[in-house]
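Engineer: predicted model and sequence follow; I will ask about them next.
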Amino acid sequence: MSITKKFMYLNRKSSYGTVYAIESLEVVLIAAAFDQDVSLAFIDDGVFQIVNGQNTDGIGMKNFSKTFHALGDYDINKLYVSKESLDERGLNEDDIMPLVYEDEDDDWAEKPSVKVVSNAELSLIMSEQDVCLSF
Amino acid sequence: MLHTVNKSSFERNSLQSCINIIDDNSVILLIEDGVISCTNNANSEMIAGLAEDGRVYALQGDVDARGISSKVADNIKLVDYAEFVDLVVEHGTPVSWV
């Protein structure tokens, strides 16, 4: 018997200054492999993880932002970004990577995975989860 | 004196602490997550005056890695690693605000 739980991964740090971001992404992929219901939230500096146009050539680190494009293939298509966190950092929705998934219930139509939400909406989504893991 | 700040101003108070202490001859170089402070954002006011005086630098590689190169504030100067060395030669051993 397999039990499916609702997992939310709360990403609060930017990508390259600490290992939190890449570790979170590893754990997200593991949860997906176990067919769990996975959501991702990006708040505070976590919003920088999915900013478009990252180029790590100059710092000698792996640009793992590309891995976010693979999440759709693992049925991870609920990515929530805090509107307030974007605003504070002078960012907007256009600065976020255009991540998509193919909806099997809609003839595999390509749909956006990222949704910019207010902190109030995010709080409601969090309250519906079985488990929230913070990174 | 040269001061390096490697933390986001949204995450730690390193940048604010640095600004509170440094003298009029000091310059700040933003590196690693410190470069998050080089765009126009809710914390920009913190370094606006220093930037206007041409005393704030940011490391290009770290800016590029974070996808914010098109958002760097006008009066913040981008430097590469070689120019980082030049800053050290000019201003002496850096103080790092971690």
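Structural biologist: Great, that's in hand. Numbering: from 1, shown residues only, chains lettered A, B, ... in the order given.
Engineer: residue of chain B nearest chain A, please.
Structural biologist: Closest to chain A within chain B is B:Gly61: 2.5 Å, counting by C-beta to the nearest C-beta. (Glycine included, C-beta is placed from N, CA and C.)
Engineer: close to chain B: what parts of chain A are there?
Structural biologist: Within chain A, the residues that sit near chain B (C-beta under 8 Å from any C-beta of the partner chain) are A:13-18, A:44-45, A:48, A:51-59, A:61, A:63, A:65, A:87-91, A:95.
Engineer: again, only using 6 Å
Structural biologist: Taking C-beta under 6 Å from any C-beta of the partner chain, the part of chain A that reaches chain B is made up of A:14, A:16-17, A:45, A:48, A:51-56, A:58-59, A:88-90.
Engineer: most neighbours of all these, which one?
Structural biologist: When neighbours are taken as other C-beta atoms under 10 Å in any protein chain shown, the top entry among these is A:Phe48 (29 neighbours).
Engineer: I figured it was touching A:Tyr16, is that so?
Structural biologist: No: A:Phe48 is not in contact with A:Tyr16 according to C-beta atoms under 6 Å; the separation is 9.0 Å.
Engineer: I'd say the residue of chain B closest to chain A and A:Ile59 touch.
Structural biologist: Yes: between B:Gly61 and A:Ile59 there is a contact under C-beta under 6 Å: 4.6 Å.
Engineer: tell me the centre residue of chain B?
Structural biologist: Centroid check for chain B by C-alpha atoms, centre = their mean gives B:Leu30 as the closest residue, at 2.7 Å.
Engineer: my read: that residue touches B:Asn43, true?
Structural biologist: No: with contacts counted by C-beta under 6 Å, B:Leu30 stays clear of B:Asn43, the gap being 12.0 Å.
Engineer: other SSEs contacting the helix or strand A:Val38 falls within?
Structural biologist: In this assignment (DSSP states H and E), A:Val38 forms part of strand A:37-42. Packing partners of strand A:37-42 (3 or more C-beta pairs under 6 Å, 6 or more residues apart in numbering or on different chains; DSSP states H and E): strand A:6-11, strand A:79-82.
Engineer: please convert these to a markdown table, extending it with mean neighbour count and mean pLDDT.
Structural biologist: Converted to a markdown table, the helices and strands packed on strand A:37-42 look like this (neighbours: other C-beta atoms under 10 Å in any protein chain shown; pLDDT from 0 to 100):
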| stretch | mean neighbour count | mean pLDDT |
| --- | --- | --- |
| strand A:6-11 | 21 | 96 |
| strand A:79-82 | 22 | 98 |
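Engineer: tell me which of these sits nearest to B:Asp80.
Structural biologist: strand A:6-11 (29.7 Å; C-beta to C-beta).
Engineer: show me what that closest one is in contact with.
Structural biologist: Here strand A:6-11 makes contact (C-beta atoms under 6 Å, 6 or more residues apart in numbering or on different chains) with A:24, A:28, A:31, A:36-42, A:46, A:49, A:129-135.
Engineer: re earlier: so what are the sheet partners of the strand holding A:Val38 and their directions?
Structural biologist: Using DSSP bridges, strand A:37-42 pairs in its sheet with strand A:6-11 (parallel), strand A:79-82 (parallel).
Engineer: thank you kindly, that will do.
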